[in-house]
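The amino acid sequence is not available; the structure is as follows:
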C-alpha cells in the first residue's frame, strides 16, 4: 500500500512562489502515475497536474499552465510541484495522488482515477 505525505505549503504573497513536495513509501514508486490536485474553500477538488511513470507525458490544468511545473525523483520516491507567480485563486488545500502502475502513455486529471492520496497541505496566497 502506497502512502503519500505532502509538505511545503504555507502563506505567500501574490506573485510569489512555493515548491510542494510529496514523498511516497510502502511500495516501489517508479511505475505509478502521479498527480497534484487542489481544493479551494467552498469548492470541489480539481486536478492541477499529472505525470506518467517515465516522465514522458505531463498534463496541466489551463489555470496553471506556464506557472506550475511538476517533476519527480524516482530515486527518492518524491514528486514536486513548483508554483510560480501565485495568485489568490491558487489558494487551497493541495493533495498529491498516485495511480497504480500500468502501460498507459498518458495521465488524466480526473481524481476518481487515482487510488492513493496524501493528507493535503494548505497553500494560502494573500497580501
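Here it is on my side, so go on. Worth saying up front: this structure is predicted, and the values here are computed from it rather than measured.

List the contacts of stretch 99-109.
For stretch 99-109, contacts defined as C-beta atoms under 8 Å, 6 or more residues apart in numbering pick out 30-35, 37, 46-53, 56-59, 61, 113-116. Every C-beta, even on glycine, is put in place using the N, C-alpha and C of the backbone.

let's see 6 Å
31, 32, 33, 47, 50, 52, 57, 59, 113, 114, 115 (C-beta atoms under 6 Å, 6 or more residues apart in numbering).

Need the nearest residue in space to residue 24, chain neighbours excluded.
Distance criterion C-beta to C-beta, 6 or more residues apart in numbering; nearest residue to residue 24, sequence neighbours excluded, is residue 77 at 4.4 Å.

if I look at that neighbour, how far off is residue 56?
As for residue 77, its distance to residue 56 is 19 Å (criterion: C-beta to C-beta, to the nearest Å).

Which strand or helix spans the residue most central in space within the chain?
Nearest residue to the geometric centre of the chain (C-alpha atoms, centre = their mean): residue 36, 2.0 Å. Take DSSP states H and E as the rule and residue 36 turns out to sit in strand 33-39.
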